[in-house]
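A.B. asks: how would this look folded up:
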Amino acid sequence: MTSDLIAVFPESPPPELVRTLDLAGYRWKSFASADDVTKAEPSDGWTGAVVCADHDIDAAWNFCRALRKRDTANAPLLLLVSGAQLDDLTLRDELFDDFCLVPFHPRELEARLRHLLSYTQSAPRPDVVDYGQLVLNLETYQASVDGRPLDLTYMEYELLKFLVTNPGKVFSREMLLSRVWGYEYYGGARTVDVHIRRLRAKLGEEHANLIQTVRSVGYRFGQSRWT
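C.D. replies: Numbers count the residues shown, from 1 in each chain. Below you'll find the model as predicted:
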């Protein structure tokens, strides 16, 4: 039996959001930080999440990132942003499932949340991600290429997973540090170069070119599946 509990950020959500969730009959709990939502997560995970990012965008991204890094299945996440923040969504689509502009109409928000929850519950995220002969099991933290297991460290796996789930996109070293290691990590860009070099070596000569160097920019994994 699931908890059917929605996580909400921030700890004191806007009154109009509180009113909409209550009138729609959702059970929810609000949190002040990413650490708080991690500690309070139910054993079967959150049913969903609503994150207000229009006041503290950095804290909101940290909150989203905390939910995405859990061992349980990812909770469908609805992001509330202002029109001026739309550019902040670029290259962060793996951190949320849908967004709604504020100020919002209660019926629109309720409809978006209802659709999001029903869709993700009926079509859960796959536990396996593959790109050609490269396969990652998200439950067991195992990876293989051409059926050959890859002996990866935790951060090598996290970096490879991030790249594989964003094929064709170019990321600077600074972006990879922020998105994979997190804002709290203070290591230099060389950390990324070292991990990329190790990943290429472990992928083997035949597949090393899956991770491409984009001169003066950073790195790209493969080609976009949508082109």
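
A.B. asks: hey, which helix or strand in this structure has the poorest pLDDT?
C.D. replies: helix 106-122 (a mean of 80; mean pLDDT, DSSP states H and E).

A.B. asks: nearest spatial neighbour of the residue positioned nearest the centre of the chain, skipping sequence neighbours?
C.D. replies: The centroid of the chain falls nearest to residue 95 when counting by C-alpha atoms, centre = their mean (3.2 Å). The shortest distance from residue 95 to any non-neighbouring residue, by C-beta to C-beta, 6 or more residues apart in numbering, is to residue 64 (4.2 Å). To be clear about C-beta, it is placed using only N, CA and C from the backbone, and glycine gets the same treatment.

A.B. asks: Domain-wise, how is this protein divided?
C.D. replies: Taking automatic domain parsing as the criterion, the chain consists of the domains 6-122, 128-221.

A.B. asks: same for the least confident helix or strand of the chain, what does it pack against?
C.D. replies: helix 15-23, strand 48-52, strand 77-81, strand 98-101 (3 or more C-beta pairs under 8 Å, 6 or more residues apart in numbering; DSSP states H and E).

A.B. asks: Distance from that helix to the middle of the chain?
C.D. replies: 19 Å (C-alpha atoms, centre = their mean, to the nearest Å).

A.B. asks: where along the protein do the helices fall?
C.D. replies: Secondary structure of the chain (DSSP state H): helices at 15-23, 34-39, 57-68, 106-122, 154-164, 173-176, 190-203.

A.B. asks: ok, of those helices, where does mean pLDDT dip lowest?
C.D. replies: Among these, helix 106-122 carries the lowest mean pLDDT, at a mean of 80.

A.B. asks: before we move on, the earlier item: only alpha carbons, please: show the least confident helix or strand of the chain as PDB.
C.D. replies: Extracted in PDB, the C-alpha atoms of helix 106-122 (Å, rounded to 0.1, in the frame of the first residue of the first chain):
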ATOM      1  CA  PRO A 106      -6.300  26.700  -9.900                       C
ATOM      2  CA  ARG A 107      -8.100  24.600 -12.500                       C
ATOM      3  CA  GLU A 108      -5.000  24.600 -14.700                       C
ATOM      4  CA  LEU A 109      -2.700  23.600 -11.900                       C
ATOM      5  CA  GLU A 110      -5.100  20.800 -10.800                       C
ATOM      6  CA  ALA A 111      -5.500  19.500 -14.300                       C
ATOM      7  CA  ARG A 112      -1.700  19.500 -14.900                       C
ATOM      8  CA  LEU A 113      -1.000  17.700 -11.600                       C
ATOM      9  CA  ARG A 114      -3.800  15.200 -12.200                       C
ATOM     10  CA  HIS A 115      -2.600  14.400 -15.700                       C
ATOM     11  CA  LEU A 116       1.000  14.100 -14.500                       C
ATOM     12  CA  LEU A 117       0.200  11.700 -11.600                       C
ATOM     13  CA  SER A 118      -2.100   9.500 -13.700                       C
ATOM     14  CA  TYR A 119       0.400   9.300 -16.600                       C
ATOM     15  CA  THR A 120       3.500   8.500 -14.600                       C
ATOM     16  CA  GLN A 121       1.600   6.000 -12.400                       C
ATOM     17  CA  SER A 122       0.300   4.100 -15.400                       C
END
